[in-house]
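**Student:** Need coordinates for the below:
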Amino acid sequence: MASLTPMQGALGYRHAAHLLRRTSYRFTKAKVDEMAGQTAAEALATLLQLYPLQLDQPVYPNSDLPGVPPITWVYPPGGNLPTQDFMLRPWVVSWWTNESLYDPGIGHRMAFFLHQFNVVDILSFATTHFCDYLFLLRWGALGNFKSFITKMVTDNCMLRYLNNTENSKNNPNENFAREFFELFTIGKGPQIGPGDYTNYTEDDIVVAARLFTGFRIRGQRNVIDTDTMLPRGDVNFAQHDVDPKTFSDKFQSTTIQGASNADEMWTELAALVDMTFAQPETARNFCRRLYHFFVSRNITSEIESDIIVPLADTMI
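**Tutor:** Got it, this is the predicted structure:
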């Protein structure tokens, strides 16, 4: 029977092993033995923490000789690369993979969960930008999903990957706006009419694309987000559509007023995110993703009503 009722008593070996396999990349007999004697609440308290990294950033070997320290090149921003950028990619991947294997909690597993539907391509970007993206996943892994999505809008990798850095008032590009609704947030429901996907419409994509105009990559990584403390993109007000943006009845015909200066572009963005997350289906879509990733892709009507909906209600 589908239920959110917490388990009572000690987990036992079978449940502890199952929980650890689903939530962590560090599966050891010692950890299973430890969790077997814990309650579900006690086990989750240890899993739901963001543990320190073994190395706070990737390193590049400076020499094959012993005693020569490796080189860092990602943080602080603005340093010189120790070699050609494409030669640094394996060191980034190896570092991140190694960190996941040492993580005793759910942090890296959740980062991978977020990566699955906020994906970018390591081959298309500088390793420095890709590391910023990885650290943004880490920042959002156990944080507020709404805040994470807001920050992902101006991640330098994402701005380029979905072409929003080319989105301007005179030449709108709908790639990012489409994925913002379909992939990142509310999700695409059954098509019930021409351009009508139950949860949003093609017209909503067009309007959202206008709102996203003028957000640009910052290749120098010299604009730092004050919440994440990570480099991010920036805004170009001259390329922003300043007219009001009115959405369909899927979003209660909400109108977001156009910005009159660069600072108000951030106000527009916040209003769009607020509008999208005010829809119950956004939280439900996220909870279905969680269930798919950690439990099963088979969501029955009972699971929808007894797990997905009440879990989503805690997010609204």
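
**Student:** Have a look at the chain and report its longest helix.
**Tutor:** helix 85-102 (DSSP state H).

**Student:** following it, which helix or strand shows up next?
**Tutor:** Using DSSP states H and E, the helix or strand that follows helix 85-102 in sequence is helix 107-117.

**Student:** pLDDT averaged over that next one, what's the number?
**Tutor:** Helix 107-117 comes out with an average pLDDT of 97.

**Student:** how about the helices in the stretch 151-300 of the chain?
**Tutor:** Using DSSP state H, counting those that start in this stretch, the helices of the stretch 151-300 of the chain run over residues 156-161, 175-179, 202-211, 262-277, 280-294.

**Student:** Can you tell me which of these is nearest to residue 4?
**Tutor:** helix 280-294 (10.9 Å; Cβ to Cβ). C-beta here means a position set from N, CA and C on the backbone, and glycine is covered the same way.

**Student:** elements contacting the closest one?
**Tutor:** Helix 280-294 sits against helix 107-117, helix 309-313, with contacts defined as 3 or more Cβ pairs under 8 Å, 6 or more residues apart in numbering; DSSP states H and E.

**Student:** So what angle separates the directions of the first one and helix 280-294?
**Tutor:** Right, the one you point to is helix 107-117. Here helix 107-117 points in a direction 120 degrees away from that of helix 280-294 (axes from the mean of the first three to the mean of the last three Cα atoms, to 10 degrees).

**Student:** Can you give me the buried ones in helix 107-117?
**Tutor:** 107-111, 113-114, 117 (16 or more other Cβ atoms under 10 Å).

**Student:** same check, this time on stretch 283-294
**Tutor:** Counting neighbours by 16+ other Cβ under 10 Å, stretch 283-294 gives 283-288, 290-291, 293 as buried.

**Student:** if I pick residue 151, what's in contact with it?
**Tutor:** 136, 139-140, 225, 227-228, 232 (Cβ atoms under 8 Å, 6 or more residues apart in numbering).

**Student:** Which one (most neighbours) among these?
**Tutor:** Using other Cβ atoms under 10 Å as the neighbour criterion, residue 136 leads those with 26 neighbours.
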